[in-house]
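Visitor: show me how the following folds:
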Amino acid sequence: MNRIDILQEAIELTSGDRNRKAGDFVTNHSNIAKIWSVILGIEVRPHQVALCMAGVKLARCVASLDRDHFVDGAAYFAGAGECATADDDSI
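Guide: As a prediction, the model looks like this:
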């Protein structure tokens, strides 16, 4: 497992079938943020959702160093950047 392979797999997963099934990443995470905001009673931004999901993948690495955790974590971290950019033109 090397970083280029991990990043390439993350690109393939998030631009292929998964993207078609879940929809646009930013839109999906905006919808999740709205739901979490109601549940938590605070404003949650789309990039925060993606960062939290990356955190889930980090926590799972404690239990096992499964390749999927690294691939998904890379995808969520990149997605967090995309969401933050979509939310703030200064980034």
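Visitor: from now on I want contacts and neighbour counts done on CA atoms only, so please keep to that.
Guide: Will do.
Visitor: out of the helices and strands in the chain, which is least certain?
Guide: helix 17-22 (a mean of 76; mean pLDDT, DSSP states H and E).
Visitor: packing partners for it?
Guide: The contact analysis (3 or more Cα pairs under 8 Å, 6 or more residues apart in numbering; DSSP states H and E) places helix 17-22 against no helix or strand.
Visitor: just how off-centre is the helix or strand that comes right after it within its chain?
Guide: Scanning forward in sequence from helix 17-22 by DSSP states H and E, the next helix or strand is helix 25-40. Between the centre of helix 25-40 and the centre of its chain there are 12 Å (Cα atoms, centre = their mean, to the nearest Å).
Visitor: can you pull the buried residues of the least confident helix or strand of the chain?
Guide: Within helix 17-22, no residue counts as buried by 16 or more other Cα atoms under 10 Å.
Visitor: and what of stretch 52-68?
Guide: Buried-residue list, stretch 52-68, by 16+ other Cα under 10 Å: 53-54, 57-58, 61.
Visitor: using PDB, list the CA coordinates for the least confident helix or strand of the chain.
Guide: The C-alpha trace of helix 17-22 is given here as PDB (Å, rounded to 0.1, in the frame of the first residue of the first chain):
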ATOM      1  CA  ASP A  17     -20.400   4.300  -8.600                       C
ATOM      2  CA  ARG A  18     -20.400   5.800  -5.100                       C
ATOM      3  CA  ASN A  19     -20.800   9.300  -6.500                       C
ATOM      4  CA  ARG A  20     -23.700   8.100  -8.700                       C
ATOM      5  CA  LYS A  21     -25.400   6.300  -5.800                       C
ATOM      6  CA  ALA A  22     -24.900   9.000  -3.100                       C
END
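Visitor: residue 32 and residue 46 touch, don't they?
Guide: Yes: counting by Cα atoms under 8 Å, residue 32 touches residue 46, with 7.3 Å between them.
Visitor: and these two? Which one has more around it.
Guide: Ranked by neighbour count (other Cα atoms under 10 Å), residue 32 and residue 46 place residue 46 first, with 28 against 16.
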